[in-house]
Structures are given as C-alpha cells and as structure tokens.
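> can't give you the sequence, but here's the structure:
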Ligand SMILES: Nc1ncnc2c1ncn2[C@@H]1O[C@H](COP(=O)(O)OP(=O)(O)OP(=O)(O)O)[C@@H](O)[C@H]1O
Ligand SMILES: [Mg+2]
C-alpha cells in the first residue's frame, strides 16, 4: 500500500514557507532527516566537490515502494502527515513534503530504494525537476539518494558558493549535530573521499566527546523528568568554557535546532552559573509532548516554539541548577541572586492554532523570563552587513570587524592553552594529502612539528598520516598543516604562532555570520579588556569615530 500522499490545499497553506535548499549543507540535512525518519540504523554520507559535485546519503531504513518512489520528489508529497490536526502533533523530523522536491528542482537527483518485504529495488532519476527514467534496480535494503550538479541550473546561486572547504566545514558541522540526535546508530562520513567520521553507535556522551574533541572529564550530566518535559543536559563545567557557542548543541524532540529565542533562554540561565567565563560545550536535549510545541515555524525547520515558554524556562533552570549542585565545587558563585527572578505572564494552555500562533508573535521573550541585569562599559548598537559590530563607548562610535575580533580572541585563548595542553591521539588518524615537494619539506622539518606535539608518519610518496596533535586542535588542523607544508613555511621561531593564527582564522566567526547578542557582548567585553588593535595577521580590528567628528560632519558645531 502506498504511503505518500499529495497534501491538500488547507495543509499546504499552513506550512512555513521559504527557501529550504540554500547550500550543500541544507541538502545533507534534509537527506539525513529523511533517513532518520525512515528508522535507519546505519547512515553513510559522502560529499564531493564541496557538495556541488555530488552528495550521497545511504540509509538502511524502511525504504519506499515503487509507487511512493515515483512521486516522492513532487511538491507537497509526504507520508508523514495526512490531515490538518497532524500538524499540531508532529513526531517525525519531516512533515512538509517539500525537501526532495526542492532538491529535485536544483540538481540531478537519483533515488534507489527498496522495502525489506519487496523483491526488487527501484530507481528514479530526476533532472532539474523533470523525470528522466524509472526502472527496477539493485539495492539490498533501504534508500540511496544521490544529488549531483547542485545548482547546475542556477549559475548565479552556484557562483555564490565559492569555497568547497567552507561548504564542507558547514556540512560537517550539521552532520555532527545531527549525529547527536541518534548516537545509538552507526554513522559514516566521507568528505572528498576522506573518512571524517566513523561511529559504530554508543552513548551520547561518548559521541559528544568524539565530535567536539573535548575529553570526558569536564562534562557534567543530568537527566530529569520535569513534567511535561524530559531534560537531559551534558555540559562542561566552569573549568572548560569557550568564547564561542560552536560546541553547544540544542536538541528538541530529536530535532537539531538553531533557535535564537531558545538560545536566549539558555544563555540567560547560563549567565548565573558561568558568569563571565564564556559558554559551555555540550548538549541541551529536551523532550516535549508534541502538542506543546510548534515545529512549523521556520522553512528549514531550525526553530521551534514552546507553547509555554515560562514553564520550559523554569524546567531548564532547575536542570542546570541540578547539574551544578551535584558537583558543588564547580559552582560559579555569581553576584546575581535568584530572588531577582521576575516572571510575568501566565500562559493559557489553549491548543487552538491561532491562539498558539499569536501568543509568541506578540510577547517579547524578555518579558517571559528573568534575565540577569548586566551593565557593560559599552553599548552594542547592532551589526552592519552581518559583518561589522557597531558599538558606542566613551562618546565614540566603534566599527569592529567581527571576524578579526573573534579571530584575535581565539588566538589569545589558543596561545594560552597550547602551553598547558598535552598531545592527544586522533580517534581516526588524519590523512594529509601532500605534493612531493611538501613531503620533502615535511621530512626535513618534521622535528619542529614534533616539538610542538604533532606526531606524523610519512607514507611512501602518497602523503602522511597525522596521528597526534596538541589537544587544542581538532581534525581541521590537518588543513592548516597541509597548507603550511605546501607553502614551505618553516621559520622555526614563528611556527607556533603561524599555526595558531591560521587555526584561529579557521575557527573564527566569519563575515556574514549572524551572531547572538550574548556572543557579541562576550566578544566585546574581551575586546575592551584586551585593548588589541589588530587581528593576529596584523589587520586592524576596528576604527572609531568620535562624537565631535560626527558633529563637525553634520555641521552641528
Ligand atoms: N530515506 C528515505 N527512506 C524512506 N522514505 C523516504 C526517504 N526519503 C524520503 N522518503 C519518503 O519521501 C517523502 C518525501 O520526502 P521529503 O523529504 O520531500 O518530505 P518529508 O520528509 O515528508 O517532509 P519535509 O519536506 O519536511 O522533509 C517522505 O515523506 C517519505 O515518505
Ligand atoms: Mg524530509
């Protein structure tokens, strides 16, 4: 019996509209979500040419029967909801029936699928929205989706995606986050034929340590049932905090989310415990009865809305408190006292769609929960072109380059940590792809790298294997070493600092990244404390305009 239906108009019009496929990472996200919805126990992802050339995702899940395969790439086709009321009780990751059709419109899409109980697998190929062929095929079980020549019919869009390495980093970030939603299954990931993740299945905490590269020790874990919620937290203690939130994953009902509203809640709670130390790494995992949450708010499903924000805030606060209290020595004593807690609104539990919707549109989030009142020496005014931070400080207007600032702060942090951290073996040794010349350089200069804590084996003429690195570096250090070796950069005095500079650049927030206000305030506090003038490469971090300059330009004087 076919499962997939064409959604009726009344549902179509209620689904959050907007662009789903922005870049290769969006394709990977949608395909993995489909694999997870199909109850896969093994997912294999391969990405080539930064995802523009080919993305393939195999899962050993339920598969599709021929009739379903035939229509799954058409707009508004899904097996996951049938009627309007299903939209208020979504238990699957997908529900819009839009992902495959959006992908099919902008690529050459091939899907091979086989249901366990069927004899044959079937294959369909669709090129930029048009079906090319449909035929019996071979596959032992599950579904294999291949997406080739992404944006091949949209040259302007394709040109916008310039750097395959940047795309791969974004893709890997998403894969890592999604793998945390199902640590019990097997994952394999290849980027440009390089195996970057191999996981046989295990506990959430072990997977977290593997993908963040942070050892188990600083993580604290708490699981609590606070009806109607279940909250599972694994967070680093105040002994291990970061100036960024890259290692912080939020999962709601098995869904990886990037939701500013939810983050604001969390940061407001964290502030009491972590003070000015920065952000923890880890996972905030929440389970909510599906009727108390709306997942249909963002076209790419990155956001959710809780029906009762006050209640989830309190539950999260209780759990974070528990996490800290159970290990008192890690408690960060803060001057902010909990009695300041002000919660104003009492929310109704009406499940009516329009009330549900209007509730969060109307209420500013800050009115719903307490936020520690913190005064800064500066006033953050906003972000210009998602690239420059505009800040008022002592009657001057600062224009700060967010990438340069984040890079500088990371550089200082790495420099300090490098002296204190021992070397660590990679779980999967990294293959360094090197030209013959670079291999020669490596052979000559290997001892400098070994002094720093790297352990590298040279393979006969084929490259090298990086086995160990100082623990501050994650797998992406491979890229930095490859470049250094290719460029033959080996001034022994500057080697440490050059590696740190390049690594900081790789980790830093980029031009165009939209940052949360909490992260910006954190960076700015460091900026005014550090009094640094340039990024690690020597570019200016900022320039400023005084009030008198502005006044004279506007002829106020
Ligand atoms: N890997 C897969 N295994 C089994 N069935 C799949 C797989 N991928 C897609 N399907 C089927 O194809 C349908 C359409 O997939 P598509 O991703 O376009 O929509 P969706 O998952 O229902 O909703 P959304 O657009 O929110 O992702 C799914 O509802 C599902 O029935
Ligand atoms: Mg889907």
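Noted; the coordinates are in hand. From a predicted model like this one, the values you see are computed outputs, not experimental measurements. Residues are numbered from 1 along each chain as shown. Ligands and ions are numbered 1, 2, ... in the order given.

> what's the model's confidence in whichever strand or helix holds residue 523, averaged?
Element membership for residue 523 (DSSP states H and E) is helix 517-530. What helix 517-530 shows for mean pLDDT is 88.

> Sheet-wise, list the partners of the next helix-or-strand element following it with their directions.
Using DSSP H and E, the next helix or strand after helix 517-530 towards the C-terminus is strand 542-546. Strand 542-546 has these partner strands in its sheet, going by DSSP bridges: strand 396-401 (antiparallel).

> next SSE after the strand it pairs with?
Next along the chain from strand 396-401, counting by DSSP H and E, comes helix 402-418.

> Give me the buried positions along the helix holding residue 523.
Using 16 or more other CB atoms under 10 Å as the test for burial, helix 517-530 gives 518, 519, 520, 521, 522, 523, 524, 525, 526, 527. Heads up, the C-betas are built off the backbone N, CA and C, glycines and all.

> So, low pLDDT: which residues of the stretch 201-350 of the chain?
For the stretch 201-350 of the chain, applying pLDDT under 70 flags the ranges 326-350.

> host element of residue 36?
helix 24-37.

> And the contacts of that helix?
20-21, 43, 45, 47, 50-52, 55, 57, 59, 61, 80, 92-94, 99-100, 102-103, 107, 143, 145, 147, 150, 161, 167, 170-171, 173-175, 178, 181-182, 254, 300-301 (CB atoms under 8 Å, 6 or more residues apart in numbering).

> Show the contacting residues for whichever residue of the chain sits closest to ligand 1.
The chain approaches ligand 1 most closely through residue 94 (2.3 Å), counting by CB to the nearest ligand atom. Going by CB under 8 Å, 6+ apart, residue 94 touches 30, 33, 34, 37, 78, 80.

> how about the residues of the chain near ligand 2?
The chain comes close to ligand 2 at residues 34, 94, 99, as judged by CB under 5 Å from the ion.

> and the helix holding residue 36, average pLDDT?
97.

> Same check on stretch 74-82?
95.

> ok, now stretch 430-448?
pLDDT averaged over stretch 430-448 gives 86.

> how would you label the residue of the chain found nearest ligand 2: helix, strand or coil?
For the chain and ligand 2, the shortest gap (CB to the ion) falls at residue 94, measuring 2.9 Å. Put simply, residue 94 is coil when judged by DSSP: H, G, I helix; E, B strand; the rest coil.

> Roughly how far does it sit from residue 32?
For residue 94, the distance to residue 32 equals 11 Å [CB to CB, to the nearest Å].

> So the closest residue to residue 299 other than its chain neighbours, which state does it fall into?
Ranked by CB to CB, 6 or more residues apart in numbering and with sequence neighbours excluded, the top spatial neighbour of residue 299 is residue 18, at 3.1 Å. Put simply, residue 18 is coil when judged by three-state DSSP.

> Tell me how many other residues crowd residue 18.
10 (other CB atoms under 10 Å).

> so what's it up against?
298, 299, 300.

> okay, and for the stretch 351-500 of the chain, where does confidence drop off?
351-374, 461, 490.

> Run through the strands of it in chain order.
Using DSSP state E, counting those that start in this stretch, the strands of the stretch 351-500 of the chain run over 379-384, 388-393, 396-401, 423-432, 455-459, 463-470.

> Quick one: list the elements packing against the fourth one.
Identification of packing neighbours for strand 423-432 by 3 or more CB pairs under 8 Å, 6 or more residues apart in numbering; DSSP states H and E yields strand 194-199, strand 455-459, strand 463-470, helix 477-487.

> List of residues touching the longest one?
Going back to what we said before, that points to helix 477-487. By CB under 8 Å, 6+ apart, helix 477-487 touches 165, 430-435, 437-439, 441-442, 449, 454, 456, 466, 469, 490, 498-499, 502-503, 506.

> Show me the domain layout of the chain.
Here the domain parsing of the chain from automatic domain parsing is 5-202, 205-367, 375-557.

> Can you add distance to residue 510, neighbour count and secondary structure and give the contacts of residue 18 back as TSV?
TSV is the format used below for these (distance: CB to CB, whole Å; neighbours: other CB atoms under 10 Å; DSSP: H, G, I helix; E, B strand; the rest coil):
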residue	distance to residue 510	neighbour count	secondary structure
298	22	15	coil
299	23	17	coil
300	19	17	coil
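
> what's the closest of those residues to residue 200?
Using CB to CB, residue 300 is the member of the contacts of residue 18 that lies nearest residue 200, at 29.7 Å.

> Quick check: what element follows the helix holding residue 36 along the chain?
As assigned by DSSP H and E, the chain's next helix or strand after helix 24-37 is strand 42-48.

> Walk me through which strands the helix or strand that that next one is followed by pairs with, and which way each runs.
Downstream of strand 42-48, the next assigned helix or strand under DSSP H and E is strand 54-59. Strand 54-59 sits in its sheet next to strand 42-48 (antiparallel), strand 142-148 (antiparallel), going by DSSP bridges.

> got the contact list for strand 54-59?
So strand 54-59 is contacted by 24, 27-28, 31-32, 34-35, 38, 40, 42-48, 142-148, 150 (CB under 8 Å, 6+ apart).

> thought residue 113 was touching residue 134?
No. With contact defined as CB atoms under 8 Å, residue 113 does not reach residue 134; the gap is 11.4 Å.

> neighbour count winner among those two?
Using other CB under 10 Å, the more surrounded residue of residue 113 and residue 134 is residue 113, with 27 against 15.

> just the angle between the host helix or strand of the more buried one and strand 142-148, please?
Residue 113 is part of strand 108-114 when elements are defined by DSSP H and E. Interaxial angle, strand 108-114 versus strand 142-148 (axes from the mean of the first three to the mean of the last three CA atoms, to 10 degrees): 170 degrees.
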